[in-house]
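In: Okay, predicted coordinates and the sequence, questions at the end:
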Amino acid sequence: MPNIKVFSGSSHPDLAKKTVERLGIDLGKAVLKKFSNQETWFASLVEIGESVRGEDVYIIQSGCGEVNDNLMELLIMINACKIASAQRVTAVIPCFPYARQDKKDKSRAPISAKLVANMLSVAGADHIITMDLHASQIQGFFDIPVDNLFAEPAVLKWIRENIPEWRSCIIVSPDAGGAKRVTSIADRLNVDFALIHKERKKANEVASMVLVGEVRDRVAILVDDMADTCGTICHAAQKLSEAGASKVYAILTHGIFSGPACERISKAALEALVVTNTIPQEKNMRDCSKIQCIDVSMILAEAIRRTHNGESVSYLFSNVPM
């Protein structure tokens with residue numbers, strides 16, 4: 001593939017390495033360091049270690065871990081490539097930072113996802129590739145093209161290959177907001193779906209849950225876009241178990257797993273909790289045997305290849321590249 005360079009930020013180098021291996025190219029050379037200025041904050045040192053003049057540049061950086069540091073590093077890398085005369089700079093952001101702050105749901109609340117979109121544009125990004133945005137309207141925050149890839153094809157593949165009873169299973173959304181996501185998967189599998197209505201006392205704390213649908217003596221598969229402290233997903237699993245589900249699985253795109261998440265998953269009524277590797281999961285998988293991982297590097301690699309060659313990426317909305 002001529003005239004293409006792929007660089008990795010420090011948030012998820014393993015995913016970047018797998019992506020370039022599938023593309024059959026080498027990862028671009030970049031120096032990423034942090035140094036203290038003897039105060040309370042750290043600055044990023046970014047040096048692009050090879051020429052990018054006239055190249056089609058892709059920078060892979062997920063919004064995880066030290067989110068603010070990694071976001072700043074991404075902005076600096078974009079700007080460094082842009083002022084080094086790169087022809088086009090695409091930010092590949094598997095997990096978009098601040099995606100949950102996508103609307104003004106109370107007075108004086110910020111819309112941080114819009115702010116991040118503005119920052120990426122001002123830094124010089126020409127194109128964004130991301131996966132399973134928490135809210136699809138975030139695409140409208142940008143004045144540059146945004147490809148929002150779906151993990152759904154990889155999720156369907158995992159279900160068919162790993163759950164023997166999938167033909168009689170029921171797909172469940174842990175909240176009303178995910179109804180569209182679960183109906184799409186249920187339609188593709190030709191199975192039923194259900195949803196759980198939840199009420200929150202405050203952020204990360206669920207007050208009550210009501211199951212709408214019949215799950216007795218069936219395998220229930222919870223599907224959502226992300227899990228943070230896992231309070232919702234574990235409450236939902238307990239609700240399904242109490243309603244008579246024979247087994248409960250959970251499948252999520254972004255596994256953040258902060259605070260007591262791994263401990264909660266270990267104690268939950270779950271056969272397995274499956275996430276993609278948009279966020280590094282090696283430590284979480286060591287800490288909790290129930291966590292499994294789906295590799296999505298092939299989807300990102302094919303999106304990069306198709307974008308570079310000027311091809312449509314809509315094939316990836318319903319297919320997993322080989």
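Out: Structure's in. What do you need? Residues are numbered from 1 along each chain as shown.
In: what is the rounded mean pLDDT of the helix or strand hosting Glu73?
Out: Element membership of Glu73 [criterion: DSSP states H and E] is helix 67-83. The pLDDT scores in helix 67-83 average 94.
In: try stretch 265-272
Out: For stretch 265-272, the mean pLDDT works out to 95.
In: Please save the CA atoms from the host helix or strand of Thr232 in PDB.
Out: Taking DSSP H and E as the definition, Thr232 sits inside helix 231-242. C-alpha atoms of helix 231-242 as PDB (Å, rounded to 0.1, in the frame of the first residue of the first chain):
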ATOM      1  CA  GLY A 231     -23.600  -1.900  38.100                       C
ATOM      2  CA  THR A 232     -26.300  -1.900  35.400                       C
ATOM      3  CA  ILE A 233     -25.100  -5.000  33.600                       C
ATOM      4  CA  CYS A 234     -24.800  -7.000  36.800                       C
ATOM      5  CA  HIS A 235     -28.200  -5.900  38.100                       C
ATOM      6  CA  ALA A 236     -29.700  -6.800  34.700                       C
ATOM      7  CA  ALA A 237     -28.000 -10.300  34.800                       C
ATOM      8  CA  GLN A 238     -29.500 -10.800  38.300                       C
ATOM      9  CA  LYS A 239     -32.900  -9.700  37.100                       C
ATOM     10  CA  LEU A 240     -32.800 -12.200  34.200                       C
ATOM     11  CA  SER A 241     -31.600 -15.000  36.400                       C
ATOM     12  CA  GLU A 242     -34.500 -14.400  38.800                       C
END
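In: And that helix, what does it pack against?
Out: The contact analysis (3 or more CB pairs under 8 Å, 6 or more residues apart in numbering; DSSP states H and E) places helix 231-242 against strand 192-202, strand 205-212, strand 219-227, strand 247-255, helix 261-267. Bear in mind the C-beta positions are built from the backbone N, C-alpha and C, glycine included.
In: Report the buried residues of that helix.
Out: Buried residues in helix 231-242, counting neighbours by 16 or more other CB atoms under 10 Å, are found at Gly231, Thr232, Ile233, Cys234, His235, Ala236, Ala237, Gln238, Lys239, Leu240, Ser241.
In: returning to what we had before: contacting residues around the next helix or strand after the helix holding Glu73?
Out: Sequence-wise, the next helix or strand downstream of helix 67-83 (DSSP H and E) is strand 88-93. Residues outside strand 88-93 that contact it (CB atoms under 8 Å, 6 or more residues apart in numbering): 19, 56-63, 74, 78, 81-82, 120, 124-130, 300, 303-304, 307.
In: This completes my enquiry, with thanks.
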